[in-house]
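1. Below are the sequence and a predicted model; questions follow.
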Amino acid sequence: MQCDHCAQDVPDGVFCTRCGAHQGTTEEFGNAKLREHRYAAHPGEHVAQPSVITTLFPHLGHNKIHEFRWAFTAGLAGVLVLYLAGLITAAILVSAFLVPVLYLIYLYEAQVYRDEPATILGFTLGGGIIVGIVVTILGRAIYNPFDYQVNPLGNPGVSIGALLVVGLVMPVVQEVLKAVPAFFLPNRADFPETVDGLVFGVAAGLGFSLAEGLIGFSSALTTLPAHVAPGNWIYDLATLAVLQPLLQGSATGMVVATIWRYRRGRLAGREIGGVAMAVIAHIAFAGGTLVLKDSAVNPLAILIWQAVVVGALLIYIRYLLHHALLEEAAHMGFAETVCPSCHTHIVASGFCPNCGMALTAAPNAIKRSRRPRKDPAATPSGRS
């Protein structure tokens with residue numbers, strides 16, 4: 001059949017396998033070509049759905065998504081058990097390592113690094129850790145917002161200078177430096193897609209978050225006894241385990257994805273807005289948290305503020321990646337494969353004709369299993 005949008009001859013299906021558009025001109029779901037009701041990396045969701053796993057772990061197949069969600073939930077349950085048992089130092093360590101370790105498992109599971117794990121992990125996660133150590137030590141020498149947790153009565157309040165440094169200067173410096181390891185990745189040409197830049201940026205940001213968390217809570221780790229009363233630690237543990245790594249990983253992922261788009265000559269207002277969004281969100285997260293803590297508001301209100309900032313950042317990432325996957329859908333050649341989202345045997349080029357998933361976001365094992373097929377017209381349904 002001929003696609004209603006790109007006019008290419010493609011196998012029959014709900015979605016064009018060349019441009020990814022929803023076939024037909026119905027306005028039931030909005031613009032059929034942009035198909036924002038079907039997120040290109042995981043078409044079972046809307047682009048505006050702030051899902052953590054499907055946003056920051058784009059290469060996961062549909063069945064693996066649930067496994068990672070359960071693993072994440074189990075990790076958070078472990079933190080809660082340690083907190084209730086009064087094992088605060090253990091809870092801090094588990095919180096700091098939870099998301100970075102989960103991302104390491106994802107990189108291995110999806111084989112994002114292909115055949116060069118040492119190089120990729122060294123320049124992303126490892127580089128992020130090194131940058132995090134240096135930047136955080138320098139920043140904490142000026143002001144450490146976590147010092148008062150060991151002795152709450154010793155919190156001297158936040159000066160205007162500390163607010164400017166921690167809430168404005170440091171977020172900007174961090175967003176510039178966190179992207180450096182991924183930017184200097186020696187084999188960047190082997191990973192040209194924007195989705196690759198996003199994943200490498202998230203890895204660098206999570207490495208930074210790990211170093212930042214451990215250094216920020218170092219006084220608690222070294223002075224607290226093995227068992228203490230739980231108190232209000234649950235709020236800071238929630239930030240350390242979930243919101244801080246998601247903020248750092250998402251912001252860096254957005255910046256590096258923009259760099260990848262620039263290398264492809266595709267830089268436009270959407271990508272420039274992504275960098276601005278990353279910096280603004282980081283400033284809002286850091287500065288807002290500092291002001292709210294100094295104002296002695298309910299700690300739950302601080303978590304809500306942080307969650308709103310992170311949620312907005314996740315939605316913008318999905319918006320950026322969705323349109324990048326649609327715009328970068330070069331003709332990959334028709335081939336027989338299995339869609340990792342709907343598990344249908346298909347003859348496809350860039351998108352699954354059945355569910356619309358962008359096959360450039362598929363796990364590398366799926367990409368390598370593609371069997372070239374010269375005559376897609378032989379299977380008009382798009383299935384083998």
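-> Arrived safely, thanks for sending. None of the values given here were measured: they were computed from a predicted structure.
2. List the residues that contact the residue nearest the centre of the chain.
-> The structure's the chain has its C-alpha centroid closest to residue 56; by Cα atoms, centre = their mean the separation is 2.8 Å. By Cβ atoms under 8 Å, 6 or more residues apart in numbering, the contact set of residue 56 is 103, 202, 246, 249, 250, 253, 314, 317. Where C-beta positions appear, they are placed from N, C-alpha and C, glycine not excepted.
3. distance of it from residue 198?
-> The gap separating residue 56 from residue 198 is 8 Å, by Cβ to Cβ, to the nearest Å.
4. Quickly list what's touching both of the two.
-> 253, 317.
5. What mean pLDDT does stretch 16-24 get?
-> Mean per-residue pLDDT for stretch 16-24: 77.
6. now that stretch, how far from the chain's geometric center?
-> 26 Å (Cα atoms, centre = their mean, to the nearest Å).
7. Tell me the buried residues in it?
-> Burial within stretch 16-24, assessed by neighbour count using 16 or more other Cβ atoms under 10 Å, is assigned to 16, 17, 18, 19, 20, 21, 22, 23.
8. how about those, which pair is most distant?
-> Using Cβ to Cβ, those reach their maximum pairwise distance at 18 and 22, which is 13.2 Å.
9. Can you give me the distance of the closest residue to residue 69 other than its chain neighbours to residue 315?
-> Once flanking residues are discounted, residue 69 sits nearest to residue 53: 5.6 Å by Cβ to Cβ, 6 or more residues apart in numbering. Using Cβ to Cβ, we find residue 53 at a distance of 15 Å from residue 315.
10. can you check residue 300 too?
-> Taken as Cβ to Cβ, the span from residue 300 to residue 315 is 23 Å.
11. Between those two, point out the one with more neighbours.
-> Set residue 300 next to residue 315 and count neighbours by other Cβ atoms under 10 Å: residue 315 wins out with 18 against 11.
12. Who are the contact partners of that one?
-> Residues near residue 315 by Cβ under 8 Å, 6+ apart: 47, 48, 49, 50.
13. Drop anything exposed from the residues you listed.
-> Looking at those with 16+ other Cβ under 10 Å, the buried ones turn out to be 47, 50.
14. and which of the contacts of residue 315 is nearest to residue 9?
-> Nearest to residue 9 among the contacts of residue 315, with distances taken as Cβ to Cβ, is residue 47, at 28.1 Å.
15. Excluding residues flanking it in the chain, which one is nearest residue 6?
-> Distance criterion Cβ to Cβ, 6+ apart; nearest residue to residue 6, sequence neighbours excluded, is residue 19 at 4.1 Å.
16. can you count the residues close to the closest residue to residue 241 other than its chain neighbours?
-> Leaving aside its sequence neighbours, residue 241 sits nearest to residue 95 (Cβ to Cβ, 6+ apart; 3.6 Å). Residue 95 is flanked by 27 other residues according to other Cβ under 10 Å.
17. Buried residues of stretch 276-296, list them for me.
-> 277-290, 292-294.
18. no, scratch that, I was asking about stretch 109-119
-> Neighbour-count burial for stretch 109-119, with 16+ other Cβ under 10 Å as criterion, is recorded at 109, 110, 111, 112, 113.
19. can you list the contacts of residue 315 in TSV and add secondary structure?
-> What follows is the contacts of residue 315, written out as TSV (DSSP: H, G, I helix; E, B strand; the rest coil):
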residue	secondary structure
47	coil
48	coil
49	coil
50	coil
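20. what's the farthest-apart pair in the contacts of residue 315?
-> The widest separation within these (Cβ to Cβ) is 10.3 Å, between 47 and 50.
21. Now list whatever residues contact both of the two.
-> 315, 318.
22. in a strand, that's where residue 53 is, yeah?
-> No. Under three-state DSSP, residue 53 sits outside any strand and is assigned helix.
23. How about the contacts made by it?
-> Counting by Cβ under 8 Å, 6+ apart, residue 53 has contacts 60, 65, 68, 69, 72.
24. Of those residues, which belong to strands?
-> Here DSSP state E is the test, and the contacts of residue 53 give no hits in strands at all.
25. From these, which shows the smallest pLDDT?
-> Among the contacts of residue 53, residue 60 has the weakest pLDDT, 84.
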